[in-house]
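>>> Give the three-dimensional model of this entry:
(2 chains)
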There are 2 protein chains.
Amino acid sequence: MEIDQIKEIMNTENLINNINKKKSFLCVGLDTDINKIPQHFLEYENPVLEFNKSIIDTTSDLTVAYKLNTAFYESDGVRGWENLQKTLEYIPKDIFVIADAKRGDIGNTSEMYAKAFFEKMDFDAITVAPYMGSDSVKPFMKYKNKWIILLALTSNEGAYDFQFLKVDDNNKLFEKVLTVSKEWGDDGNMMYVVGATKAENLTDIRKIVPEHFLLIPGVGSQGGSLQDVIKYGKNKSCGLLVNSSRAIIYAGKDKNFAERVREETEKVQKEMSMYL
Amino acid sequence: MEIDQIKEIMNTENLINNINKKKSFLCVGLDTDINKIPQHFLEYENPVLEFNKSIIDTTSDLTVAYKLNTAFYESDGVRGWENLQKTLEYIPKDIFVIADAKRGDIGNTSEMYAKAFFEKMDFDAITVAPYMGSDSVKPFMKYKNKWIILLALTSNEGAYDFQFLKVDDNNKLFEKVLTVSKEWGDDGNMMYVVGATKAENLTDIRKIVPEHFLLIPGVGSQGGSLQDVIKYGKNKSCGLLVNSSRAIIYAGKDKNFAERVREETEKVQKEMSMYL
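Modelled structure (predicted):
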């Protein structure tokens, strides 16, 4: 094994170092849909994997993280699960890789999910849903230098169904989720998902979790503003991973798609670099 | 294809017919952990699949449903995902099969999960987490004669972290989840997860969803009482699928394990038959 193939330890220090080195806190979401990739990839035996490799080759010097949305791989069955693994293996070892899996179940089951994503595969982090409470989350914390990223306030319209409900002590549910769950771990093994489409809530969120990293989806296709996210969400060591999926990976349609992808990625990275 | 291999349409009517025919509302949970199955299965090339086939052969005349917990399969990577598919395919076509996957994400992603479990695989139902709201749930409802089973009140200790919080109109969060979500579908495409360990709440739950089927985990290893579940949860057409996983599938340890599994399954089915 060559030295550069050894996975970098993904603790807070190294993550912050990478952000400062690359002047970027961009996470690219590999939500790869075979119906949306440039036509010419369909000539390959494995279009999704070839497309992912191209995206990684085109963007990896500008990004500090990739997020693989498990749904897009599971929809292709066994081959999809293989592509999830192969894509993960292709990503340079100094990049933080998130399984966007939204898992969470009773203790003995969450242990199995942790095994799937942290042992069988070597993801650095997994997104977890909070509804089932502490024992559904804690099994993921038994792994050193691995992270759980708990859903707090999501970027979608359905977030308004439950997440903004006022709970007993007059906080909103997503605030209660932050307050309660931050005691389960610390800012060295937990992050939170906060949708960029709800950036105005970041000020209140930062009062509860000033030091934690936040994974921010919703910039790009979902319409969230990067400027607002930085204004309300950035802390002294950055504390942000901002994800863009569709706006970057589907930026180009034809054989020259990689140039469009590169342009789009550079645009976002340049904007980020001004704040670091 | 032989006629008996065609999948039965899993609408409410057929589900109730099966319950009455088998005098059972038992769901057996195939949470298969290679470290817990009888030793002699390790001699097979595919121990998990062989074990699952044995369990299905031993219990299928006494059960109306199987529940496959995706975590246990994902923990074995690609081979695990293959075993998930192969186990599903082995189950008799008149039995209701649940993907216990606890999925849920923004709309375009939940669409992909629906494709994974309802198109790529032919599950009848999938468990879904409610935190992300309506647009994370509705994509699963586009499939005729398929079901979503939404988490309402779970069987684990962590349920007390958020599910019992009093929300704005003085209901508890799990009651609010029921009240809001039942408008997204109807009792022909939605069920709810209610843990047997919290059977005392079934009376209040039945006031909100009198007609819906409830999937009840927590009987068996988790200590829930079948009698209480029936007393507080049964409605006029039964309305219950009671799951037992570990207490049944790991009832025996040696070569004669199937006899113990059969005894345990018959015991539960007999108790159920008295109430039908």
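>>> In terms of helices and strands, where is the residue lying closest to A:Gly218 once chain neighbours are set aside?
Leaving aside its chain neighbours, A:Gly218 sits nearest to A:Ser155 (3.3 Å; criterion: CB to CB, 6 or more residues apart in numbering or on different chains). C-betas here are computed from N, CA, C, even on glycine. Assigned by DSSP states H and E, A:Ser155 falls within no helix or strand.
>>> Tell me how many other residues crowd A:Ser155.
The local packing of A:Ser155 (other CB atoms under 10 Å in any protein chain shown) involves 22 other residues.
>>> Contacts for stretch A:245-259 next, please.
Applying CB atoms under 8 Å, 6 or more residues apart in numbering or on different chains, the contact partners of stretch A:245-259 are A:28-32, A:36-40, A:51, A:54-55, A:57-59, A:67, A:69, A:217, A:219-221, A:260-261, A:263-265, A:268.
>>> List phi and psi for the residue nearest to A:Gly218.
With angles defined as degrees, to the nearest 10, A:Ser155 sits at phi -80, psi -10.
>>> just the one 5 residues further on next, same as before
With angles defined as degrees, to the nearest 10, A:Tyr160 sits at phi -70, psi -10.
>>> Next one: it from A:Gly195, what distance?
11 Å (CB to CB, to the nearest Å).
>>> And A:Glu45, by the same measure?
37 Å.
>>> how distant is the strand or helix carrying A:Tyr232 from the center of its chain?
A:Tyr232 is located in helix A:226-233, with elements delineated by DSSP H and E. Put simply, helix A:226-233 sits 17 Å off its chain's centre (CA atoms, centre = their mean, to the nearest Å).
>>> So A:Tyr160 and A:Gly195 - more neighbours on which side?
Comparing A:Tyr160 with A:Gly195 by other CB under 10 Å, the one with more neighbours is A:Gly195, at 26 against 13.
>>> is it true that that one touches A:Val219?
No. Between A:Gly195 and A:Val219 there is no contact under CB atoms under 8 Å: 9.4 Å.
>>> mind listing what the closest residue to A:Leu62 other than its chain neighbours touches?
Nearest residue to A:Leu62, sequence neighbours excluded (CB to CB, 6+ apart): A:Gln269, at 4.4 Å. Contact analysis of A:Gln269 by CB under 8 Å, 6+ apart lists A:Lys22, A:Lys23, A:Ser24, A:Leu26, A:Leu62, A:Thr63.
>>> with these in mind, which one is nearest to chain B?
Taking CB to the nearest CB as the measure, chain B sits nearest to A:Leu26 out of the contacts of A:Gln269, at 19.5 Å.
>>> Extract the residue ranges of chain A that are flagged as low pLDDT.
Applying pLDDT under 70 to chain A flags residues A:1-4.
>>> Select the longest helix from it.
Ranked by residue count under DSSP state H, the longest helix found in chain A is helix A:257-273.
>>> which residues in the stretch 101-250 of chain A form helices?
Taking DSSP state H, counting those that start in this stretch, the helices of the stretch 101-250 of chain A run over residues A:107-114, A:134-137, A:159-162, A:173-181, A:202-208, A:226-233, A:246-249.
>>> Can you pull the phi/psi pair for the closest residue to A:Val64 other than its chain neighbours?
Using CB to CB, 6+ apart and skipping residues adjacent in sequence, the residue nearest A:Val64 is A:Asn18, 4.8 Å away. Backbone torsions of A:Asn18, given as degrees, to the nearest 10, read phi -60, psi -40.
>>> Wait, A:Asn18 touches A:Asp124, no?
No. Checked against CB under 8 Å, the pair A:Asn18 and A:Asp124 is beyond contact range at 11.5 Å.
>>> which residue ranges form the strands in chain A?
A:26-29, A:65-69, A:96-103, A:125-128, A:147-153, A:190-194, A:213-216, A:240-244 (DSSP state E).
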